[in-house]
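1. Fold the following for me, if possible:
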Amino acid sequence: MGVAASLISGMMDKHLITKALVDPINITIAVLLAGLITKWAQSPLEKSITALNRLLTPRIFLALTIIVLGLVSSIITAIIAAIVLVIVINVLPLDRKSEVRFTVLACFAIGLGAALTPIGEPLSTITLSKLDKGFFYLIDLIGAEVIPAVVLFGILSMFLVKPKESSDGLKSEERSESYKEIIIRSVKIYLFVMGLTFLGHGFEPLINEYILGLHPTILYWINMISAILDNATLAAAEISPVMDGETVRAILLGLLISGGMLIPGNIPNIIAAGKLKITSKEWARFGVPVGLITMVIYFIVLFVF
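-> The predicted structure follows:
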């Protein structure tokens with residue numbers, strides 16, 4: 001799709017090919033290294049989770065887990081943060097409803113937090129690639145909105161998740177990932193970001209014609225479609241280097257918040273739901289109301305006040 005878009009729009013050239021080959025390298029290395037470290041540290045990690053769970057009350061433990069995973073996801077990547085989340089849930093002997101709610105809130109936080117650096121997730125990688133900005137640009141642009149949101153989702157878990165000990169909880173396969181799985185996932189991320197780079201530049205003529213003139217508030221609400229479409233692809237199709245910071249902020253926050261509402265919206269959702277066998281109905285029942293309320297709150301904060 002990316003190659004076709006670039007060829008049809010006449011954007012394909014040597015510079016774009018070089019960019020598409022180079023831009024995915026950093027996030028690919030981050031995913032590979034973080035995956036290896038997680039594999040090697042899985043046993044000590046499980047023991048640490050068990051010890052912390054005994055030391056803290058369940059609600060405090062769940063809230064801290066969401067906040068920590070959300071904040072470090074920009075360094076260890078959203079993919080690895082989601083895998084660590086699955087490990088945490090495997091260790092906790094909680095009921096299914098509590099763990100579904102905990103997973104959804106954690107994926108909201110991970111999806112938001114990972115966007116703060118270009119190695120966190122494909123959306124941030126492709127955004128910085130299109131804008132041609134430095135490593136810390138997104139922290140400066142949306143950090144003031146994202147970091148409080150991550151903390152808020154952690155605090156919400158203390159009120160919305162009522163953990164009860166049960167053997168009928170979410171479980172995935174206990175085995176650690178193989179080296180083959182880790183390498184294949186890294187290759188897939190490389191190819192995905194490469195495709196997004198081609199796609200984003202291929203869509204430049206359409207962006208210039210139809211999107212640049214739209215008000216940021218319109219773009220904010222339009223991007224609720226991120227709930228059913230991957231938000232990195234939408235970022236590639238919408239963001240342009242000629243946009244001002246306010247417009248880019250509106251696009252990103254609309255994509256990031258609504259991306260947690262349904263399973264297809266974000267990479268952490270897909271990984272966690274797939275490994276834990278959470279159904280679309282279970283996810284939507286909790287994720288859609290939380291996402292809509294968060295969208296309204298941020299709309300008021302950003303555009304009304």
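
2. Trp40: how many residues sit nearby?
-> Under the neighbour criterion other CB atoms under 10 Å, Trp40 is assigned a count of 11. Quick note: C-beta positions are derived from backbone N, CA and C, even for glycine.

3. ok, it to Phe305 distance?
-> 47 Å (CB to CB, to the nearest Å).

4. ok, and the closest non-adjacent residue to Leu85?
-> Spatially, and ignoring its direct neighbours in sequence, Leu85 is nearest to Ala106 (5.2 Å; CB to CB, 6 or more residues apart in numbering).

5. which element is the residue nearest to Ile222 when sequence neighbours are not counted on?
-> Excluding the flanking residues, the one nearest Ile222 by CB to CB, 6+ apart is Gly254, at 7.2 Å. When secondary structure is defined by DSSP states H and E, Gly254 falls within helix 245-258.

6. helix or strand right after that helix?
-> The C-terminal neighbour of helix 245-258 among helices and strands, as given by DSSP H and E, is helix 267-276.

7. Check the offset of that next one from the chain's centre.
-> Relative to the mean C-alpha coordinate of its chain, helix 267-276 is positioned 11 Å out (CA atoms, centre = their mean, to the nearest Å).

8. all helices in the stretch 1-150 of the chain, in order from the N-terminus.
-> 2-8, 14-22, 25-40, 42-55, 58-76, 78-91, 96-113, 122-131, 137-160 (DSSP state H, counting those that start in this stretch).

9. Hey, what's the angle from the fourth one to helix 25-40? Just curious.
-> Direction vectors for helix 42-55 and helix 25-40, defined by axes from the mean of the first three to the mean of the last three CA atoms, to 10 degrees, enclose an angle of 70 degrees.

10. outside of helix 42-55, which residues touch it?
-> Outside of helix 42-55, the residues that reach it under the criterion CB atoms under 8 Å, 6 or more residues apart in numbering are Thr38, Phe61, Val84, Ile87, Val88, Asn90, Val91, Leu92, Ser176.

11. Just want the angle from that helix to helix 78-91.
-> Helix 42-55 and helix 78-91 meet at an angle of 60 degrees, taking the same axes, to 10 degrees as the criterion.

12. Pull up the per-residue confidence for Ser167.
-> In this prediction, Ser167 carries a pLDDT score of 53.

13. Repeat that for the one 5 residues further on.
-> pLDDT, the model's per-residue confidence, is 54 for Ser172.

14. In this structure, where is pLDDT below threshold?
-> Applying pLDDT under 70 to the chain flags the ranges 164-175.

15. center of it, which residue is that?
-> Note on the chain: the residue nearest the mean C-alpha position is Gly111, at 2.6 Å, using CA atoms, centre = their mean.

16. now the end-to-end length of stretch 19-31.
-> Stretch 19-31 has an end-to-end distance of 19 Å (criterion: CA to CA, to the nearest Å).

17. outside of that stretch, which residues touch it?
-> With contacts defined as CB under 8 Å, 6+ apart, stretch 19-31 is touched by 2, 75-77, 79-80, 118-122, 125-126, 129, 185-187, 189-194, 197-198, 201.

18. just stretch 286-305 next, same as before
-> Identification of contacts with stretch 286-305 by CB under 8 Å, 6+ apart yields 100-101, 104-105, 108, 145, 149, 156, 160, 216-217, 220-221, 224, 227, 249-250, 253-254, 257-258, 260-262.

19. can you pull the contacts of Ala232?
-> For Ala232, the residues meeting the contact criterion (CB under 8 Å, 6+ apart) are Glu121, Pro122, Leu123, Thr125, Ile126, Phe192, Leu196, Ile267.

20. The third one - nearest residue in space that isn't next to it in sequence?
-> Put plainly, it is Leu123. What sits nearest to Leu123 in space, not counting adjacent residues and going by CB to CB, 6+ apart, is Ala232, at 4.1 Å.

21. try the second one
-> With sequence-adjacent residues excluded and distances taken as CB to CB, 6+ apart, Pro122 is closest to Ala232, at 3.9 Å.

22. so where does the one you found fall, helix or strand?
-> Secondary structure (DSSP H and E) places Ala232 in helix 231-238.

23. hey, C-alpha coordinates of that helix in CSV?
-> The C-alpha atoms that make up helix 231-238 are tabulated as CSV, following Å, rounded to 0.1, in the frame of the first residue of the first chain:
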residue,chain,number,x,y,z
ASN,A,231,-3.6,4.9,14.7
ALA,A,232,-0.1,4.8,13.2
THR,A,233,-1.5,4.4,9.7
LEU,A,234,-3.9,7.3,10.3
ALA,A,235,-1.0,9.5,11.5
ALA,A,236,0.9,8.6,8.4
ALA,A,237,-2.1,9.6,6.2
GLU,A,238,-2.9,12.9,8.0
